[in-house]
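Student: next comes the sequence, and after it the predicted model I'd like to discuss.
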Amino acid sequence: MEEPVSPAASAREQAFARYVLPEVEVLLRVAMTLTAQPADAEDLVQDTLIRAYRAVDRFDGRHPRAWLLTILRRTEISRNRSRRPYLLDDPDEELERLAGPPPGAAGATPEDVVVGETFDAVVDAALAALPVKHRQVVALVDVEGLSYAEAAQVLDVPEGTVMSRLHRARKRIRMRLQAAGLTGTRRGAM
């Protein structure tokens, strides 16, 4: 016995068929230029289609190709970010850097401070201490790379609210880093 399809699901499927399916060939062509491997291109398009399906009910119907290509591009950026290997430019230099002074020590370079475990621990603690609404904005804008408008759309809040929350969140993180002695005291150090 088949379950009845809800009107919302039916509307989503109709919008998907109307706006997304006609653009699949274009998505595949663009994905091939981004990945250069047919299997990777197909995976990228599949991930894009899944994201588009989830968001199609929020899509206004204008410029579907631009909307889908934005999703495709951001999906590829996210995929590359998560699988990017850490390569050493010069292994000897890297070993010297790792054996250098501990973060926060006299003579430590800014890079030593940022790469150090103390910095990571303070940032992790600062993020965990943020209210959920601020942590979400930091994750969407600073980590995922969404624009203010896109983050506002994802969170279903005005763009100004995203900007305000992000400002407050960054300020709290900066204060934690300053309290731990990991940044300068001048304004805008982060």
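Tutor: Everything's here; your move.
Student: look at Ala99 and report its pLDDT.
Tutor: At Ala99, the pLDDT value in this model is 55.
Student: what does Glu42 give?
Tutor: 94.
Student: quick one: it from Tyr148, how far?
Tutor: Noted for Glu42: a distance of 32 Å to Tyr148, by Cβ to Cβ, to the nearest Å. Heads up, the C-betas are built off the backbone N, CA and C, glycines and all.
Student: same check, this time on Thr118
Tutor: Going from Thr118 to Tyr148 by Cβ to Cβ gives 31 Å.
Student: quick one: which of those two has more around it?
Tutor: Counted by other Cβ atoms under 10 Å, Thr118 and Tyr148 do not tie: Tyr148 has more neighbours, with 17 against 14.
Student: number of nearby residues for His63?
Tutor: The number of residues packed near His63 is 12, by other Cβ under 10 Å.
Student: where does the residue nearest the centre of the chain land on pLDDT?
Tutor: Centroid-nearest residue in the chain, with Cα atoms, centre = their mean: Glu144, separated by 0.7 Å. According to the prediction, Glu144 has pLDDT 74.
Student: verify the stated contact: it with Ser78.
Tutor: Yes: look at Glu144 against Ser78 with Cβ atoms under 8 Å: they come within range, at 6.9 Å.
Student: tell me, what's touching the two both at once?
Tutor: Counting by Cβ atoms under 8 Å, 6 or more residues apart in numbering, no residue touches both Glu144 and Ser78.
Student: show me where this protein has its helices.
Tutor: With helices called from DSSP state H, the chain shows them at 7-15, 24-35, 38-55, 64-83, 91-99, 110-115, 117-129, 132-137, 148-155, 159-179.
Student: what packs against the third one?
Tutor: Packing contacts for helix 38-55, counted by 3 or more Cβ pairs under 8 Å, 6 or more residues apart in numbering; DSSP states H and E, involve helix 24-35, helix 64-83.
Student: okay if I get these as TSV plus mean neighbour count, distance to Glu159 and mean pLDDT?
Tutor: TSV is the format used below for the helices and strands packed on helix 38-55 (neighbours: other Cβ atoms under 10 Å; distance: least, Cβ to Cβ, whole Å; pLDDT from 0 to 100):
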stretch	mean neighbour count	distance to Glu159	mean pLDDT
helix 24-35	16	27	88
helix 64-83	16	16	85
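Student: could I get the ones you listed as a markdown table with distance to Gln153?
Tutor: Output for those, formatted as a markdown table (distance: least, Cβ to Cβ, whole Å):
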| stretch | distance to Gln153 |
| --- | --- |
| helix 24-35 | 20 |
| helix 64-83 | 11 |
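Student: those helices: which one's closest to Arg170?
Tutor: helix 64-83 (20.3 Å; Cβ to Cβ).
Student: how is the chain partitioned into domains?
Tutor: Per the record, the chain has its domains at 7-83, 116-179, by automatic domain parsing.
Student: confidence-wise, which of those is weakest overall?
Tutor: Note on the domains of the chain: domain 116-179 shows the lowest mean pLDDT, a mean of 85.
Student: distance from the chain centre to that domain, please.
Tutor: The chain centre lies 12 Å from the centre of domain 116-179; the measure is Cα atoms, centre = their mean, to the nearest Å.
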